[in-house]
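Novice: predicted structure and sequence below. I'll ask about it afterward.
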Amino acid sequence: MNTFEEARERMVERQLKGRGIRNARVLECMSAIARDAFVPPALAEFAYEDSPLPIAAGQTISQPYIVALMLEAADLQPGDHVLDIGTGSGYAAAIAACIAARVDTIERHRELADDAAALLKALGLTNVSVHHADGTLGMPQHAPFDAIIAAAGGPSVPDAWRAQLKIGGRLVMPVGDARESQRLMKYTRTDDDVWRDEDLGGVMFVPLIGAQGWSDEPDIRTDKPTLEEPVARTLPDLIRASAVRLPALGAPDFAHAFDRFADKRVVLLGEASHGTAEFYVARAAITRRLIERHGFSFVAVEADWPDAAIIDEHVRGRPRARPEARPFTRFPTWMWRNTEFAAFVAWLRQHNAALPDERRAAFYGLDLYSLSESIAAVLAYLDAQDPGAARIARVRYGCLTPWQKNPAVYGRAAWQAGFGTCEEAVVAQLRDLLDRRLATSASDHGLLDATHNARLVASAEQYYRAMYGASAESWNLRDTHMFDTLDSLLDAWGPDARAVVWAHNSHLGDASATEMGRMRDELNVGQLCRERFGDDAALIGFGTHAGTVAAASDWEEPMQIMQVRPSRADSYEHQFHLAGASPCLVDLRAGVNDALRDALGEERLERFIGVVYRPDTELYSHYAQAELSAQFDAFVWFDTTRAVSAIEPSQVTHETPETFPFGV
């Protein structure tokens, strides 16, 4: 493969697929047609850059993405007859001819028309005819057309084009009252006098000159060239132009756009609230794709280790270590006890059932709130494996026994002067289990579970003591624990292991790019993953504008279905709302959508809703300053969302595999 071929493949992958072009025919033809042949030889080295380039007669060749966007919008079919307005160098006509049966292309500059005709003939594209004429009048002698595509901006659609387009035909062109800027519009003729229009975003093309366009050439000023500037100038336009439009949730191909992250060691999937159905369903679809298609090893979530262990036993078909235990029975129960998550658990169990044990995807919890359950799990393991060690563990954990049901009280007591702590005892117990793991087969899943529970107890003891000191310290202890748990799991699974992580945006978006890190000295899992794994970690945030959410008005209060206030005008969410591209994915990695990346680098407010939502004080309770493009590698947007469907904890005692572990 030569240098131009490699550059062309990168162009297709990064500029086209990376920005949401999905039409297979367009991608195939833009992979096959050499753009370097259509630019002046002195500019050939820039042929596959994401920008327009000057050609003869003061005109330009459009940037590759704009060509792809227009041709995808035109929905060309192999049998189509296409009218291409503004031949230029002939590149767009060549791509169209690669797809369609016949292309007539019109250029008003004789020099460009002659050169394009010769080049297209030399390339063997015999189904293209180049005409030197006034493009605004179309070609009535060759009409009607299945599609009309114009690479010049006019004040309106010429009447001649409307008359020459078939019913069912598509017309794509830039339209605007000013020569300097337009909206890229798609018009579909659905009946003789019935048209459907679609706005594809802000652009800037050379003017459409002719009898039914602009009357004459604009003055060309050396300090403001009239080259096409296809990148939109407002943030909503940039979002719209760069967005990868996602299929509807539930569509078989919804998660295909996330294949771009399939080579990562860790893919972290966020959420803007703990009670939004679309976030759960989307993360489930993406995770399913990463496990089924790309062989990811396990899922690790913002849940306590003992609760997740029950799910893990269920999905991997393993005996229950503690048959009496029930998962997710403490506040906030709806965070994991909901139908959206239950559907994912059912799928994971079914997926694993067809695989040998060593290939079954696992499910783990990263959080540290389950002090009592984790102590019970450690003791249950040691009771079965080493009763002598169990007696020692009971003595050590005896320090915490009075506080297990309300560990925050322990934290307050430990914080007060003169009260001893349990740190030494719980750390000693963790150390013993770690030593045992080093001397035992790595396949001892019970020991892995017990060790992580002991790790949780040690971290929780620190966490509850820190709660009464600096707030950053307790937050940092919690997120460090979650990251250390993830890191140790990857280590336990081996160098080829890969993980999907589910947690709130506040945990997964790099804290150093928000006021968490910049003003409060807080770190988080996302930041630690970037520091540990570099480009091998993908941080993906999720957001919404309005709808409903499952949340409580305060900690330990009942769940309510609340209305989410429309996002503030000074927030990132409002900019995505104005863009009107939902659902969508924007790729924020360097080199993919740099104009958008730069624009989203300007600090704005970002909304964070946890298990508690207080709409009346939303600005102070739920918004924080952030730099979105530094915070995430990608962002997933759902404009209007709904609350999760909560499952109340069941009192049933007889379970079946179909209803366990949710008791429905």
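Specialist: Nice, thanks for sending it over.

Novice: show me what the helix or strand harbouring residue 183 pairs with in its sheet, parallel or antiparallel.
Specialist: Taking DSSP states H and E as the criterion, residue 183 maps to strand 181-191. Looking at strand 181-191 with DSSP bridges, its partner strands are strand 165-178 (antiparallel), strand 194-203 (antiparallel).

Novice: make CSV from those and add mean pLDDT to it.
Specialist: Output for these, formatted as CSV (pLDDT from 0 to 100):
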stretch, mean pLDDT
strand 165-178, 92
strand 194-203, 88
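
Novice: quick one: residue 566 from residue 491, how far?
Specialist: Residue 566 sits at a distance of 45 Å from residue 491 (criterion: C-beta to C-beta, to the nearest Å). In this view, the C-beta of every residue, glycine as well, is placed from N, C-alpha and C.

Novice: show me what the helix or strand encompassing residue 147 is packed up against.
Specialist: In this assignment (DSSP H and E), residue 147 forms part of strand 145-150. Under the contact criterion of 3 or more C-beta pairs under 8 Å, 6 or more residues apart in numbering; DSSP states H and E, strand 145-150 touches helix 64-74, strand 81-85, helix 159-164, strand 165-178.

Novice: tell me the most buried of those?
Specialist: Each of those was scored by mean neighbour count; the highest is strand 81-85, a mean of 27, by mean count of other C-beta atoms under 10 Å.

Novice: paired strands for that one, with orientation please.
Specialist: Strand pairing for strand 81-85, determined by DSSP bridges: strand 102-107 (parallel), strand 145-150 (parallel).

Novice: mean neighbour count, mean pLDDT and distance to residue 648 added to the ones you listed, as CSV?
Specialist: Putting those into CSV (neighbours: other C-beta atoms under 10 Å; pLDDT from 0 to 100; distance: least, C-beta to C-beta, whole Å) gives the following:
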stretch, mean neighbour count, mean pLDDT, distance to residue 648
strand 102-107, 25, 96, 62
strand 145-150, 26, 97, 55
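
Novice: between those, which gets nearest to residue 77?
Specialist: With C-beta to C-beta, the closest approach to residue 77 among the strands paired with strand 81-85 belongs to strand 145-150: 7.2 Å.

Novice: distance between that closest one and the chain's centre?
Specialist: Strand 145-150 sits 34 Å away from the centroid of its parent chain (C-alpha atoms, centre = their mean, to the nearest Å).

Novice: returning to that earlier point: residue 250 is nearest to which of the helices and strands packed on strand 145-150?
Specialist: helix 64-74 (23.3 Å).

Novice: so what does the closest one touch, helix or strand wise?
Specialist: Counting contacts by 3+ C-beta pairs under 8 Å, 6+ apart, helix 64-74 packs against helix 24-32, helix 91-99, strand 145-150, strand 165-178, strand 181-191, strand 194-203.

Novice: turn those into CSV, columns for distance to residue 274.
Specialist: Below are these laid out as CSV (distance: least, C-beta to C-beta, whole Å):
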stretch, distance to residue 274
helix 24-32, 38
helix 91-99, 46
strand 145-150, 46
strand 165-178, 42
strand 181-191, 39
strand 194-203, 33
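
Novice: which one of these lies closest to residue 55?
Specialist: helix 91-99 (9.4 Å).
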